[in-house]
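Visitor: coords please:
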Amino acid sequence: MYINKEQLVSYIKKLNEPKVLVIGDLAIDEMIYGDAERISREAPVLILRHSNTKLILGAASNAAHNVSTLNNGKVSVIGVCGDDFQATQLRETFEEANVNCGLLVVDPSRKTTTKTRISGSITTSITQQIVRIDRQTNALLSPEIEEEVLKQIERAIPEHDAVILSNYHIGTLTPKIIQETIRLANQYNKVVVVDAQKDLEIYKNVTSMTPNLPDTQKSVGFEIETEEDLKRAGDKLLDATNAKSILITCGADGMFVTRAHGNYTKIPVFNKSEVFDVTGAGDTVTAVYTLALAAGAEPSYAAIIGNIAASIVVRQFGCATTTIDEILSAVDKL
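Guide: Numbering: from 1, shown residues only. A predicted model of the protein is given here:
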């Protein structure tokens with residue numbers, strides 16, 4: 001496809017302008033590292049000598065972190081956390097990432113979603129994840145907590161330019177919260193982008209959504225193997241949701257944008273040979289794509305910018321972010 005670099009650069013330089021509201025399942029990733037010393041006498045397990053613990057924003061929190069890095073902290077999150085030590089860690093990590101978490105709703109009956117990964121190093125160059133421990137509550141919100149979340153959303157949407165609904169299906173985004181958020185976003189003419197893994201058809205009248213290929217296949221009910229299949233899938237999602245556009249992320253095969261009236265754009269992947277870790281890349285795409293749409297880019301150019309950003313973060317380990325300067329530098333190499 002033809003890319004007008006001058007136009008592309010102009011949109012990238014505007015990524016720091018929109019204010020974004022991220023609503024969804026907030027989480028923190030706790031990364032515990034140690035050096036493998038020997039096998040325990042108590043059980044056939046490794047003994048690790050602890051070397052480092054790192055806290056990283058995950059799930060919807062990672063999308064917010066990606067936005068913050070690009071727009072100088074003009075991002076707020078709305079979600080639910082528990083009344084526990086992990087909630088304190090979550091708030092502190094948000095503050096370090098320059099993300100406004102003042103709209104969080106506390107539910108003492110829930111656990112703050114925390115994914116603890118324990119990794120061991122055998123040598124200085126080889127680190128292997130050994131086990132992951134998940135702390136989370138999957139039940140939907142109680143009616144009382146749901147109302148508190150809705151009140152925060154009603155207050156916040158008028159003050160932002162775009163909304164990201166990030167659904168990791170941990171229970172925050174109830175049907176009522178989804179419907180009310182979209183209604184309010186449309187009422188105030190805000191960009192609203194959905195990042196969800198299933199039930200895509202319930203997100204009616206959004207600006208766009210960013211499903212990956214496996215989730216798209218589940219939603220449309222058929223295998224996607226050709227470009228014609230991508231067109232058919234995009235059209236089916238457009239018809240089901242009345243969205244203005246659909247961005248399907250296809251991993252190593254790039255991206256595919258569908259708009260009304262048979263308007264399609266196939267976007268190739270960038271820096272395919274330099275992939276180290278795809279963790280969190282979807283959050284990066286959603287964050288950058290949303291910022292670009294809110295900055296005035298049409299969907300195909302917004303997707304290209306999101307694709308370039310993803311090509312940068314997959315060269316790093318774990319959930320990572322990128323900057324406007326890094327994206328501009330990558331554009332220079334196209």
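
Visitor: Can you list phi and psi of the residue in the chain sticking out farthest from the centre for me?
Guide: Within the chain, the residue lying farthest from the chain centre (Cα atoms, centre = their mean) is residue 41, at 42.4 Å. Dihedral angles of residue 41 (phi, psi; degrees, to the nearest 10) stand at phi -80, psi -20.

Visitor: How much space separates it from residue 47?
Guide: 9 Å (Cβ to Cβ, to the nearest Å). For every residue, glycine as well, the C-beta is placed using N, CA and C.

Visitor: Could you check the pLDDT of residue 147?
Guide: Each residue has a pLDDT score; the one for residue 147 is 98.

Visitor: That one: neighbour count?
Guide: Residue crowding around residue 147 was assessed by other Cβ atoms under 10 Å; the count is 14.

Visitor: Could you do residue 261 as well?
Guide: Other residues lying near residue 261 total 5 when counted by other Cβ under 10 Å.

Visitor: secondary structure element for it?
Guide: When elements are defined using DSSP states H and E, residue 261 is found to belong to no helix and no strand.

Visitor: do the same with residue 328
Guide: helix 324-332.

Visitor: Tell me which other helices or strands that helix touches.
Guide: Judged by 3 or more Cβ pairs under 8 Å, 6 or more residues apart in numbering; DSSP states H and E, the packing partners of helix 324-332 are helix 5-12, helix 299-313.

Visitor: what angle separates the first one from helix 299-313?
Guide: Comparing the axes of helix 5-12 and helix 299-313 via axes from the mean of the first three to the mean of the last three Cα atoms, to 10 degrees yields an angle of 70 degrees.

Visitor: okay, now the closest residue to residue 231 other than its chain neighbours: neighbour count?
Guide: Nearest-residue entry for residue 231: residue 264, 5.6 Å, with adjacent residues in sequence omitted and distances by Cβ to Cβ, 6 or more residues apart in numbering. Taking other Cβ under 10 Å as the criterion, the count of residues near residue 264 is 14.

Visitor: got it, and residue 92?
Guide: For residue 92, the count of nearby residues is 13 (other Cβ under 10 Å).

Visitor: Distance of residue 138 relative to residue 195?
Guide: Distance of residue 138 to residue 195, computed by Cβ to Cβ: 18 Å.

Visitor: quick one, which of these two is more surrounded?
Guide: Between residue 138 and residue 195, counting by other Cβ under 10 Å, residue 195 is the more crowded of the two (28 against 12).

Visitor: Surely that one touches residue 63?
Guide: Yes - under the criterion of Cβ atoms under 8 Å, residue 195 lies in contact with residue 63, with a separation of 6.9 Å.

Visitor: what is in contact with these two at once?
Guide: Taking Cβ atoms under 8 Å, 6 or more residues apart in numbering as the criterion, residue 195 and residue 63 both touch 24, 164, 166, 283, 286.

Visitor: so which of the residues you listed comes closest to residue 81?
Guide: Closest approach between these and residue 81, by Cβ to Cβ: residue 24, at 12.4 Å.

Visitor: ok, what's across the strand from the closest one?
Guide: Here residue 24 sits in beta bridges with residue 166, going by DSSP bridges.

Visitor: now the helix or strand harbouring residue 289 and helix 324-332, what's the angle there?
Guide: Following DSSP H and E, one finds residue 289 within helix 281-294. Calculated by the same axes, to 10 degrees, helix 281-294 forms an angle of 90 degrees with helix 324-332.
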